[in-house]
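1. Let's see this in three dimensions:
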Amino acid sequence: MNIGVINGLHPAKEDHMFDRVAALGLTTCQVNIWNSDYYSEALAKKVLDQSAATGVKPCALWAGYSGPVRWNFTEGPITLGVVPEESRERRVNDLKKGADFAKMIGVPAIITHCGFIPENMTDPMYPGVLAAINDVASYCKELGLGFWFETGQETPVVILRVIEELGLGNFGINLDPANLLMYGKGNPIDALEVFGKYVRNIHVKDGMTPTDGKRLGREVQVGKGMVNFPRFVKRLHEIGFDGEFIIEREIAEGEEQKRDILETVENLKTWWNA
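-> Sure thing, here's the model as predicted:
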């Protein structure tokens with residue numbers, strides 16, 4: 001069982017980018033970069049050097065993109081991912097830069113939120129969104145990389161449909177079980193029956209379903225939300241999942257976050273071995 005955490009990189013952390021992960025006693029992480037201007041050969045070398053020095057190996061790059069993003073139901077559909085037409089070309093280029101960087105640091109894939117992909121296949125936006133995803137994923141494939149969807153704004157069947165329609169062979173899923181609940185898009189355990197064979201790694205996050213129609217549900221400490229982690233982890237075990245469990249506790253770094261992460265590490269081991 002390989003357990004790690006989300007680890008954001010930015011200039012202030014360049015010389016200590018894996019210290020936090022190592023201090024938690026973990027040996028892997030998902031590197032998270034939003035600003036595409038930050039990708040460089042110099043940073044890639046630092047990643048490789050510090051990874052070797054600390055023993056922390058990145059397992060994937062979570063690649064962000066430029067422009068505004070709003071994590072809600074009112075502005076989210078017009079700001080997230082490659083769905084908004086006015087920012088689509090720029091974001092496709094951002095993600096390609098991320099793929100170049102992922103290749104430099106030796107991780108197998110990039111991960112991102114593609115946005116509120118239209119559920120209705122006859123929506124006039126649908127072909128353009130698919131073309132953008134195809135563009136990025138094809139570029140990743142040329143580099144020998146995977147393109148992994150983080151779950152969130154789409155129902156499980158929409159992600160499955162996109163994977164099947166494009167058929168590139170390098171698609172995967174970074175399953176965030178809390179997001180499925182927080183966006184009201186599905187039950188994570190049921191989702192495994194839809195796209196389980198494509199799940200490459202997990203965001204270990206817990207949450208609640210929405211209580212109104214404009215705001216996402218709340219993120220909470222793992223084990224205190226609606227995911228039902230013992231059952232979820234058991235089902236992952238049953239279907240042969242062998243990827244990373246990447247803990248994502250969305251509160252400020254500090255003692256509370258550290259305490260919650262360490263507690264989650266122990267709980268994951270218990271649930272996996274039950």
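2. ok, which stretches of the stretch 151-274 of the chain are helices?
-> With DSSP state H, counting those that start in this stretch as the criterion, the stretch 151-274 of the chain has helices at 156-166, 177-182, 188-195, 229-238, 255-273.
3. Name the nearest residue to residue 191, ignoring sequence neighbours.
-> In this structure, residue 191 finds its nearest non-sequential neighbour in residue 156, 4.1 Å apart by C-beta to C-beta, 6 or more residues apart in numbering. Where C-beta positions appear, they are placed from N, C-alpha and C, glycine not excepted.
4. Give me the distance between the one you found and residue 197.
-> Using C-beta to C-beta, to the nearest Å, residue 156 is found at 12 Å from residue 197.
5. if you count what's nearby, which of the two comes out ahead?
-> residue 156 (22 against 13; other C-beta atoms under 10 Å).
6. Spit out the contact partners of that one.
-> Contacts for residue 156 were tallied using C-beta atoms under 8 Å, 6 or more residues apart in numbering; they are 180, 185, 186, 190, 191, 194, 195.
7. and the residues you listed, which are buried?
-> Using 16 or more other C-beta atoms under 10 Å as the burial test, the contacts of residue 156 include 180, 185, 186, 191, 195 as buried.
8. List the residues that contact the second one.
-> Shown in contact with residue 185 (C-beta under 8 Å, 6+ apart): 151, 152, 153, 154, 155, 156, 179.
9. Kindly report the same for the fourth one.
-> By C-beta under 8 Å, 6+ apart, residue 191 lies in contact with 151, 156, 175, 177, 180.
10. What of the third one?
-> With contact set as C-beta under 8 Å, 6+ apart, residue 186 has these partners: 155, 156, 180.
11. which one among these gets closest to residue 256?
-> residue 180 (25.0 Å; C-beta to C-beta).
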